[in-house]
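Q: Whatever this is, show me its structure:
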Amino acid sequence: MPTLTKAQIVSNIQRQFGFTRSRSIELVETLLEIVKSTLERGEDVMISGFGKFCVNEKKQRRGRNPATGEDMMLAPRKVVTFKCSGKLREKINGSE
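A: Numbering: from 1, shown residues only. Here you go, the predicted model:
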């Protein structure tokens with residue numbers, strides 16, 4: 001299944017809104033920077049009708065090195081998860 005790339009998003013914005021390529025790149029980069037900086041601060045990002053990006057804390061846990069099979073402790077870390085909105089879920093499943 002093909003993947004939508006940042007370059008394709010830029011091209012779509014350029015085509016649909018008639019912006020220059022540089023303006024389209026600037027818009028996409030600005031949006032992504034806002035999302036990244038918000039997540040870096042540990043805040044969630046909710047886009048109505050699309051979904052919610054959440055920062056979750058993972059505790060330290062026991063793991064295994066897949067290359068050697070050796071047991072090890074994995075450090076605590078933060079992960080970003082995405083939960084799509086009900087509207088998006090309906091569109092994906094074709095039950096709109």
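
Q: what sits against V45?
A: Residues near V45 by Cβ atoms under 8 Å, 6 or more residues apart in numbering: V35, T38, L39, K52, F53. C-beta coordinates here come from the backbone N, C-alpha and C atoms, glycine included.

Q: swap that for L4, sorry
A: If you count contacts by Cβ under 8 Å, 6+ apart, L4 has none.

Q: Okay, it and M72: tell me how far apart.
A: As judged by Cβ to Cβ, to the nearest Å, L4 and M72 stand 36 Å apart.

Q: Could you do E40 as well?
A: 27 Å.

Q: From the contact counts, what lies against the lengthiest helix in the chain?
A: The helix that spans the most residues within the chain, counting by DSSP state H, is helix 21-40. Applying 3 or more Cβ pairs under 8 Å, 6 or more residues apart in numbering; DSSP states H and E, we find helix 21-40 packed against helix 6-17, strand 45-47, strand 51-58.

Q: residues in contact with stretch 77-89?
A: 39, 42, 48-58, 92.

Q: what about 10 Å?
A: 35-36, 39-40, 42, 44-60, 90-92, 95-96 (Cβ atoms under 10 Å, 6 or more residues apart in numbering).

Q: Of those, just the buried ones, PyMOL syntax please.
A: Those of the contacts of stretch 77-89 that count as buried under 16 or more other Cβ atoms under 10 Å are selected in PyMOL with:
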select buried, resi 39+45+51+53+55
